[in-house]
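*Asks:* How does the following fold in three dimensions:
(4 chains)
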Protein chains: 2
Amino acid sequence: MHTLALVTDIADHMDKPKKKRAAAQLKDEITAYKRRRILEEASHFFFANGYEATTLDSVAEQLNVTKPFIYSYYKNKGELLYEICQTGIQLSLTALEEALSVEGTASEQLKIVVERVARIIIENQRYVTVYLREEKCLLPEDARRIRDLRHTFDTKLAALLEKGKRSGEFDVEHPSRTAIWVSGLLSWIALWYHEGGRWSATEVVMDAITMVQKMVKPAGGAHG
Amino acid sequence: MHTLALVTDIADHMDKPKKKRAAAQLKDEITAYKRRRILEEASHFFFANGYEATTLDSVAEQLNVTKPFIYSYYKNKGELLYEICQTGIQLSLTALEEALSVEGTASEQLKIVVERVARIIIENQRYVTVYLREEKCLLPEDARRIRDLRHTFDTKLAALLEKGKRSGEFDVEHPSRTAIWVSGLLSWIALWYHEGGRWSATEVVMDAITMVQKMVKPAGGAHG
DNA sequence: CATAATTGCTACCAAGCAGTATAAACATAG
DNA sequence: CTATGTTTATACTGCTTGGTAGCAATTATG
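*Replies:* Predicted structure coming up:
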């Protein structure tokens, strides 16, 4: 039982001086680990049944703990939802930023962006889908914070399209509007992809790249 | 009060023979009208607050009736959800079929399809969005019926892409896979469009047309 | 006007669930 | 072994809400 408590006694052989600090640090890590595990299981239920339809009792049962356990790591059910939504969009944003940090032409960067973000979205489908479906359940303040992240994502993507437009690599009338279509296409993957379904993750990623490239390709057909 | 009951006495001056039949017919129409009104208000709440978070009491209050009133027109809450989801996808499918019935080249037909379906999706955003978000709340059997409609939609769209591919108008490797991206792009409008937001419905529709045309355009740039 | 049928409402129940007060178990330190 | 703090469980509450049984009001008919 107590899936979460398996880690409790690893701090037991180290020289006195460091012990205090190290023990405190370890405790923090364990707390963080427990929070992650709770979030992970909650996301499974939210994904499968929806936020409102999921009971914290069922999440607790899955973890072999009880509801008050969850309440000692999260303030309430809404905080769980917020963290799940936040995770989904934050991972995508980080993937975007990392991809943008790779040197290259706009075309090359765009390809890397789509590839990495699409992969991240597939790997974290639960988080992204819950965000797309349950945004309305967030507290207004939480919803705003999430929207800001999303807006940052769209803005950075638009900047890349703008860059490609200036260099002549892309043909996009309104970079910021096109960015929303691209980001929508990527989000759509989360709602539509099904593990073990008709198409593999790799096929979906490659398709996404192709589609986005076509969406920005100049009429003349220059640049690949 | 009784917003729904305003229609009750229109059947009162007509020759005897027809009266019976006409009265019965009118009654049916009134029943149908009440059902539509209930559905419409319910869709507003489901759209704004989500299915689970919406109480039938609040829907009833909005209609100036009581909960048992709703239960005399719908079996239960789930039936309301089913009809809302069904409406969303059925309207899109009908729009697609009507657009396909217009004679023309594949390119011309595709443009009409995207234009009409996008318009329908914007006009019926509530129904489509609820379908996309709350599919998981449907009974398995209802969910299957809805999926079948969706599948029909994708299949007919794929056939159009296939036709354009054969005529050389489109460059699509896998029509059925591309159809899913196109249908996703259209669905995305429902989740993203916001009345009175930064972009008008017309702009969104025109953008959608442009994006889809680019997604299927041959590299050479022939056919517009 | 009386009778029958339809239509809607009042009042209620049972169940489910978020959240909590309190106690128990456990670990740590002296 | 005792004292102290921390972690987790037991057991409960208060509220919400889908759904219903039975009654009242309205309408249709002769």
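*Asks:* Tell me the buried residues in the one helix or strand in chain A whose mean pLDDT sits lowest?
*Replies:* Every helix and strand of chain A was ranked by mean pLDDT, DSSP states H and E. The lowest is helix A:16-49, at a mean of 82. Across helix A:16-49, burial judged by 16 or more other C-beta atoms under 10 Å in any protein chain shown covers A:30, A:34, A:37, A:38, A:39, A:40, A:41, A:42, A:43, A:45, A:46, A:47. Heads up, the C-betas are built off the backbone N, CA and C, glycines and all.
*Asks:* helix or strand right after that helix?
*Replies:* helix A:56-62 (DSSP states H and E).
*Asks:* can you tell me if that following helix touches DNA strand C.
*Replies:* Yes - residues of helix A:56-62 contacting DNA strand C under C-beta under 7 Å from any atom of the strand: A:56, A:57.
*Asks:* re earlier: of all the buried residues of helix A:16-49, which comes closest to chain B?
*Replies:* Nearest to chain B, judged by C-beta to the nearest C-beta, of these is residue A:47 at 8.5 Å.
*Asks:* and that closest one, how far is that from residue A:130?
*Replies:* Note on residue A:47: its distance to residue A:130, by C-beta to C-beta, to the nearest Å, is 6 Å.
*Asks:* For my notes, please list the buried residues of helix A:16-49 in a markdown table and give distance to DNA strand D for each entry.
*Replies:* Formatted as a markdown table, the buried residues of helix A:16-49 follow (distance: C-beta to the nearest atom of the strand, whole Å):
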| residue | distance to DNA strand D |
| --- | --- |
| A:30 | 8 |
| A:34 | 7 |
| A:37 | 11 |
| A:38 | 11 |
| A:39 | 15 |
| A:40 | 16 |
| A:41 | 14 |
| A:42 | 15 |
| A:43 | 20 |
| A:45 | 17 |
| A:46 | 19 |
| A:47 | 22 |
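*Asks:* and the nearest residue to residue A:173 once chain neighbours are set aside, how many residues sit next to it?
*Replies:* In this structure, residue A:173 finds its nearest non-sequential neighbour in residue B:210, 7.9 Å apart by C-beta to C-beta, 6 or more residues apart in numbering or on different chains. Here the count is done by other C-beta atoms under 10 Å in any protein chain shown, and residue B:210 has 18 residues near it.
*Asks:* any idea how far DNA strand C is from residue B:210?
*Replies:* For residue B:210, the distance to DNA strand C equals 44 Å [C-beta to the nearest atom of the strand, to the nearest Å].
*Asks:* what's the answer for residue A:124, then?
*Replies:* Residue A:124 is 23 Å from DNA strand C, by C-beta to the nearest atom of the strand.
*Asks:* I'd like to know how many residues surround that residue.
*Replies:* Neighbour number of residue A:124 under other C-beta under 10 Å is 20.
*Asks:* ok, now which ones touch it?
*Replies:* A:87, A:88, A:91 (C-beta atoms under 8 Å, 6 or more residues apart in numbering or on different chains).
*Asks:* can you check residue A:36 too?
*Replies:* No contacts exist for residue A:36 under C-beta under 8 Å, 6+ apart.
*Asks:* and the gap between it and DNA strand D?
*Replies:* With C-beta to the nearest atom of the strand as the criterion, residue A:36 and DNA strand D are 14 Å apart.
*Asks:* What helix or strand is the spatially most central residue of chain A located in?
*Replies:* When C-alpha atoms, centre = their mean is applied to chain A, the residue found nearest the centroid is residue A:88 (2.5 Å). Using DSSP H and E, residue A:88 maps to helix A:77-100.
*Asks:* Give me the helices and strands touching that helix, please.
*Replies:* helix A:16-49, helix A:106-123, helix A:125-134, helix A:140-166 (3 or more C-beta pairs under 8 Å, 6 or more residues apart in numbering or on different chains; DSSP states H and E).
*Asks:* Please render those helices as CSV that adds distance to residue A:97 to the earlier fields.
*Replies:* CSV is the format used below for the helices and strands packed on helix A:77-100 (distance: least, C-beta to C-beta, whole Å):
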stretch, distance to residue A:97
helix A:16-49, 22
helix A:106-123, 10
helix A:125-134, 17
helix A:140-166, 7
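*Asks:* Quick one: closest of those helices to residue A:95.
*Replies:* Residue A:95 lies closest to helix A:106-123 among those, at 4.3 Å (C-beta to C-beta).
*Asks:* what angle separates that closest one from helix A:140-166?
*Replies:* 150 degrees (axes from the mean of the first three to the mean of the last three C-alpha atoms, to 10 degrees).
*Asks:* quick one: contacts of helix A:106-123?
*Replies:* A:91-92, A:95-96, A:98-100, A:102, A:104, A:128, A:157, A:160-161, A:163-164, A:167, A:169-170, A:182, A:186-187, A:189-190, A:193, A:201, A:204-205, A:208-209, A:212-213, A:216, A:223-224.
*Asks:* Next, the angle helix A:77-100 makes with that helix.
*Replies:* Using the same axes, to 10 degrees: helix A:106-123 against helix A:77-100 is 150 degrees.
*Asks:* Can you give me the domain boundaries for chain A?
*Replies:* A:15-71, A:84-216 (automatic domain parsing).
*Asks:* Now do the longest one: distance to the chain's middle.
*Replies:* In this case it means domain A:84-216. From the chain centre to the centre of domain A:84-216 is a distance of 10 Å (C-alpha atoms, centre = their mean, to the nearest Å).
*Asks:* And for the shortest one?
*Replies:* Averaging C-alpha coordinates over domain A:15-71 and over its chain gives two centres that are 19 Å apart (C-alpha atoms, centre = their mean).
*Asks:* so where's chain A shaky on pLDDT?
*Replies:* A:1-24, A:220-224 (pLDDT under 70).
*Asks:* So which residues on chain A come close to chain B?
*Replies:* Contact residues, chain A versus chain B (C-beta under 8 Å from any C-beta of the partner chain): A:48-53, A:132-134, A:136-137, A:173, A:177-178, A:180-181, A:184-185, A:187-188, A:191-192, A:199, A:203, A:207, A:210-211, A:214-217, A:219-221.
*Asks:* hmm, 6 Å instead?
*Replies:* For chain A, the contact set with chain B under C-beta under 6 Å from any C-beta of the partner chain comprises A:50, A:52-53, A:133, A:136, A:181, A:184, A:188, A:192, A:211, A:214-215, A:219, A:221.
*Asks:* which among those residues gets closest to residue A:151?
*Replies:* residue A:184 (13.9 Å).
*Asks:* what helix or strand does that closest one sit in?
*Replies:* Per DSSP H and E: helix A:175-192 holds residue A:184.
*Asks:* For residue A:142, give me its contacts.
*Replies:* Going by C-beta atoms under 6 Å, 6 or more residues apart in numbering or on different chains, residue A:142 touches residue A:82.
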